[in-house]
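Undergrad: coords below, sequence missing:
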């Protein structure tokens with residue numbers, strides 16, 4: 001990692017410890033400025049004059065003088081390795097000092113004996129390096145105000161790049177997301193690392209925000225299989241409870257996504273769906289960190305969106321309205337509403353979609369004038385289709401999780417209200433920076449929400465007429 005800045009002189013090296021350190025032509029404040037230096041940059045020390053160090057900057061190919069108080073000298077010897085690792089541990093909890101920490105980590109990897117680099121200390125140093133690089137990428141993604149802060153952020157990314165730390169940029173929702181490529185974390189998983197280090201590495205490598213949105217479906221599926229394998233390498237038994245919860249939440253999200261993808265590909269999806277549900281159920285809410293609440297809700301939405309993959313197909317009922325699916329245009333699935341007198345050739349209603357249809361979710365009300373069906377257009381987004389008989393005609397309406405740009409969420413059937421005029425609907429969604437969960441009594445004639453609450457227990461119909469299958473399977477009541 002230090003190949004770009006080889007240290008040739010016996011006086012050793014120095015790492016710039018502060019931002020906007022000045023490289024001057026002579027050892028005095030009035031001397032002309034040669035360059036502006038940033039924390040984490042590595043310099044070769046060639047001499048000392050007064051309270052200045054004479055240095056050579058290999059990146060800029062120029063020499064000069066820098067105040068000694070703005071530098072941290074190191075001989076890159078094995079004797080200094082413990083001290084460098086101690087500094088690195090401190091910098092982990094110092095937001096804004098990521099590039100300095102990356103420089104210290106690179107110095108430790110150069111100074112430490114080979115057996116230490118291949119052991120637990122090496123795994124810790126690499127995990128710290130990855131954590132700092134990941135945090136620097138998050139800072140860059142969040143953006144900075146114009147002026148010195150933006151200049152410093154750009155300089156820190158450039159400094160990290162000189163040590164071989166690589167970043168990728170993706171456009172998401174009109175914004176640029178910068179992500180660390182995760183090389184240090186991959187190395188941690190290959191070393192005899194402590195469980196907590198492997199857990200942090202696995203969580204960083206599998207974060208969904210850094211998946212390339214330009215990946216084709218087959219590539220995305222392979223990446224999700226790899227994410228699942230990475231998470232399997234973590235021994236959760238030895239982790240702190242809140243870290244164990246984080247691993248379980250990430251596993252639940254990944255396995256639920258795989259259930260959707262397996263179904264799309266015509267492959268068995270039941271084991272993946274069951275695994276996602278089991279991982280979410282293993283989360284101990286009493287030991288859930290406050291900052292993990294959003295991740296818990298997101299994992300629950302993904303699990304709930306794909307939960308019908310855990311239910312085997314069921315035969316059509318002998319009487320009454322029923323749903324049948326058949327292929328349409330390439331990639332399409334056509335949903336047909338049939339009964340005893342209307343077969344697939346003359347259905348009561350028909351609608352084709354490129355979404356994933358879950359026929360086993362179909363539920364008919366007691367009056368036989370309405371049917372609910374789960375349809376999943378995206379891995380984390382499930383809609384509710386309502387078939388309604390109006391006079392002699394049947395119509396199909398779609399209830400989305402929310403009137404937001406699709407991101408994460410579900411709208412699901414929760415029960416029929418006797419009388420054939422109302423249906424119970426549970427919705428949960430996150431998008432456009434907003435999150436909402438609600439339980440609603442919806443009128444079948446206009447599909448208007450007549451009553452709603454953030455708690456199912458606050459609505460009488462949800463206490464008297466919830467669907468037993470919904471209560472048993474849904475995670476919306478978590």
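TA: The structure has been received and is ready for your questions. Keep in mind that what you see is a predicted model, and the values were worked out from it rather than measured.
Undergrad: contacting residues for residue 161?
TA: Residue 161 is in contact with residue 167, counting by Cβ atoms under 8 Å, 6 or more residues apart in numbering. For every residue, glycine as well, the C-beta is placed using N, CA and C.
Undergrad: pLDDT at it, what is it?
TA: pLDDT, residue 161: 95.
Undergrad: tell me the secondary structure for residue 308?
TA: Reduced to three states with DSSP: H, G, I helix; E, B strand; the rest coil, the structure at residue 308 is helix.
Undergrad: burial of it, as a residue count?
TA: 22 (other Cβ atoms under 10 Å).
Undergrad: kindly report the same for residue 282.
TA: 15.
Undergrad: what do you get for the one 3 residues further on?
TA: Residue 285 has 9 neighbours, counted by other Cβ under 10 Å.
Undergrad: tell me the domain ranges of this protein?
TA: Following the assignment in automatic domain parsing, the chain carries domains at 3-74, 215-310, 311-473.
Undergrad: looking at the ones you listed, which one has the lowest mean pLDDT?
TA: Minimum mean pLDDT among the domains of the chain: domain 3-74, a mean of 88.
Undergrad: could the domains of the chain be laid out in a markdown table, adding distance to residue 158?
TA: Formatted as a markdown table, the domains of the chain follow (distance: least, Cβ to Cβ, whole Å):
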| stretch | distance to residue 158 |
| --- | --- |
| domain 3-74 | 8 |
| domain 215-310 | 28 |
| domain 311-473 | 31 |
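Undergrad: need the phi and psi values for residue 179.
TA: Here is the backbone geometry of residue 179 (degrees, to the nearest 10): phi -130, psi 140.
Undergrad: wait, it sits on residue 210?
TA: Yes - assessed by Cβ atoms under 8 Å, residue 179 is found in contact with residue 210 at 3.7 Å.
Undergrad: shared neighbours, those two?
TA: Residues touching both residue 179 and residue 210 (Cβ under 8 Å, 6+ apart): 168, 170.
Undergrad: surely residue 401 touches residue 426?
TA: No - using Cβ under 8 Å, residue 401 is not in contact with residue 426; the gap is 9.7 Å.
Undergrad: compare neighbour counts for the two and give me the winner.
TA: residue 401 (27 against 24).
Undergrad: check which helix or strand that one maps to.
TA: Assessed by DSSP states H and E, residue 401 sits outside every helix and strand.
Undergrad: on that earlier part again, how about the domains of the chain, which one is nearest residue 170?
TA: domain 215-310 (10.2 Å; Cβ to Cβ).
Undergrad: what residues do residue 401 and residue 426 have in common as contacts?
TA: The contact sets of residue 401 and residue 426 overlap at 410-411 (Cβ under 8 Å, 6+ apart).
Undergrad: residue 67 - how many residues pack around it?
TA: Residues near residue 67, counting by other Cβ under 10 Å: 16.
Undergrad: show me the strands in the stretch 301-450 of the chain, by range?
TA: Along the stretch 301-450 of the chain, counting by DSSP state E, counting those that start in this stretch, strands occupy 322-327, 333-338, 349-353, 356-364, 370-378, 381-390, 393-399, 408-417, 422-431, 434-443, 449-453.
Undergrad: would you turn those strands into CSV with distance to residue 186?
TA: Conversion of the strands of the stretch 301-450 of the chain to CSV gives the following (distance: least, Cβ to Cβ, whole Å):
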stretch, distance to residue 186
strand 322-327, 41
strand 333-338, 39
strand 349-353, 39
strand 356-364, 32
strand 370-378, 29
strand 381-390, 31
strand 393-399, 43
strand 408-417, 28
strand 422-431, 30
strand 434-443, 32
strand 449-453, 47
